[in-house]
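[1] model this:
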Amino acid sequence: MSQPAKRKRVPVHGVLLLDKPEGISSAQALAKAKWLLNAEKAGHTGTLDPFATGLLPLCFGEATKFSSDLLDADKTYEATIRLGVTTTTGDPEGEVLETREVDVQRAQIESVLDKFRGPIDQIPPMYSALKRDGKPLYAYAREGKTLEREARSVIIHELALVSFAAPDIRIRVRCSKGTYIRVLGEDIGHVLGTGAHLISLRRVGVGNLLIADAMTIDALAALSETERKSSLLPADSLLSELIPVVLPPELASRFMQGQRLVLGKEGLDFPSGGFERVKVLDATKMLLGVASLSAEGMLQPERLVSAKDVTENLFDFN
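    Residues are numbered from 1 along each chain as shown. Down below sits the predicted model:
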């Protein structure tokens, strides 16, 4: 009996805001969405632990060129910390290490949370994907090994106590990249003297992207093929925090050929001050790519969409 022919993958371009369910990895969520969209090329913008839920922006086609921008963006989470119990992993998937009584008041919690606002140092957990000698830390942890880890500086921009019903604390956190909410929960429990682990984690924001605009895998599966592609956001949604530079047709063509442009000499006004990165658009407001812009108006291309995709208007976000 002959095997059914494989579906031929097709070029798909754009960004899907996925509401990842609990119990699957980010890679598994990406694979399901990629299959539903029948897309050739896809990637995600930072992982969520399998037990975590929430916003997972997925990039397809040309949008994958700009996925690194979201890796550097601030993240916003809602989390529940259970006081009185510590686990090997800092979350429900680990084995219980210790159980203590919980006798704390809301005022004590508020006082402790204040210690974690602003710049703080965190020691990465052993159960993480950080690598040592080419091997992820979680692999060492599963072998029963604990390695020395250097503390890393992160920033907690906002930390709010949403509710407290002993032994559980519910918090909302907006933080810089590289922040481990599991570690934050453990550290809060340590300072309170009770120990703690995270029992729920939901990402509700990545940069300017919000969970309210995301859809589930089931909702995507319920759409027709045309509707699925229509649900994608343009690549520009990954670059919403970058200042735009708009080029007329002749300069847009030169930019797409990888040429550096001195905007002042070309008779164009440009944002003053110099920027590490800007997004570059053509006169119809289609995305051409990202570039650096010096204080003198030197526009240096960094990453470009393909000329074919500009021609086919795949990034039109008017």
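[2] what's the domain layout of the chain?
    Here the domain assignment for the chain is 14-72+209-236, 75-206, 242-311, based on automatic domain parsing.
[3] would you mind finding the most buried of the ones you listed?
    Ranked by mean neighbour count under mean count of other C-beta atoms under 10 Å, the domains of the chain are led by domain 14-72+209-236, which reaches a mean of 18. C-beta coordinates here come from the backbone N, C-alpha and C atoms, glycine included.
[4] first to last residue in that domain, what's the distance?
    Taking C-alpha to C-alpha, to the nearest Å, domain 14-72+209-236 runs 9 Å from one end to the other.
[5] check stretch 205-215 too.
    Terminal residues of stretch 205-215 are spaced 14 Å apart (C-alpha to C-alpha).
[6] ok, now stretch 230-239?
    Taking C-alpha to C-alpha as the criterion, the two ends of stretch 230-239 lie 19 Å apart.
[7] gap between that stretch and the chain center?
    Put simply, stretch 230-239 sits 14 Å off its chain's centre (C-alpha atoms, centre = their mean, to the nearest Å).
[8] once you drop chain neighbours, what's closest to residue 71?
    Nearest residue to residue 71 in three dimensions, chain neighbours excluded: residue 46, at 5.4 Å (C-beta to C-beta, 6 or more residues apart in numbering).
[9] report the helix or strand with the lowest average pLDDT across this structure.
    Within the chain, confidence by mean pLDDT, DSSP states H and E is lowest for helix 307-311 among all helices and strands, at a mean of 51.
[10] before we move on, the earlier item: just so I know, which of the domains of the chain lies nearest residue 7?
    Among the domains of the chain, the nearest to residue 7 by C-beta to C-beta is domain 14-72+209-236 (5.8 Å).
[11] gap between the closest residue to residue 64 other than its chain neighbours and residue 26?
    In space, and not counting its chain neighbours, residue 64 is closest to residue 43: 4.6 Å by C-beta to C-beta, 6+ apart. Separation of residue 43 from residue 26 (C-beta to C-beta, to the nearest Å) stands at 10 Å.
[12] do residue 222 as well
    Residue 222 is 22 Å from residue 26, by C-beta to C-beta.
[13] list the contacts of residue 215.
    The contact partners of residue 215, by C-beta atoms under 8 Å, 6 or more residues apart in numbering, come to 16, 17, 18, 19, 231.
[14] for residue 103, state which of these is nearest.
    Set against residue 103, the nearest of the contacts of residue 215 by C-beta to C-beta is residue 19 (37.0 Å).
[15] next SSE downstream of the helix or strand harbouring the closest one?
    For residue 19, the element it lies in under DSSP states H and E is strand 14-20. The helix or strand immediately downstream of strand 14-20 is helix 26-37, counting by DSSP H and E.
[16] can you pull out the strands in the stretch 51-200 of the chain?
    53-60, 75-83, 85-87, 96-99, 118-122, 131-132, 135-136, 152-165, 168-175, 196-206 (DSSP state E, counting those that start in this stretch).
[17] and the fourth one, what does it pack onto?
    Packing contacts for strand 96-99, counted by 3 or more C-beta pairs under 8 Å, 6 or more residues apart in numbering; DSSP states H and E, involve strand 85-87.
[18] show me what the strand it packs on pairs with in its sheet, parallel or antiparallel.
    strand 96-99 (antiparallel) (DSSP bridges).
[19] quick one: pLDDT of residue 5?
    At residue 5, the predicted lDDT confidence score is 52.
[20] again, but for residue 232
    At residue 232, pLDDT is 95.
[21] pretty sure it contacts residue 16?
    Yes - assessed by C-beta atoms under 8 Å, residue 232 is found in contact with residue 16 at 5.6 Å.
[22] need the overlap of contacts for the two.
    In contact with both residue 232 and residue 16: 37, 60, using C-beta under 8 Å, 6+ apart.
[23] what ranges do the helices span in the stretch 201-318 of the chain?
    With helices called from DSSP state H, counting those that start in this stretch, the stretch 201-318 of the chain shows them at 217-221, 225-230, 249-256, 307-311.
[24] redo those helices as CSV? Include distance to residue 202.
    Output for the helices of the stretch 201-318 of the chain, formatted as CSV (distance: least, C-beta to C-beta, whole Å):
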stretch, distance to residue 202
helix 217-221, 16
helix 225-230, 24
helix 249-256, 40
helix 307-311, 34
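[25] quick one: which of these is nearest residue 146?
    Among the helices of the stretch 201-318 of the chain, the nearest to residue 146 by C-beta to C-beta is helix 217-221 (36.1 Å).
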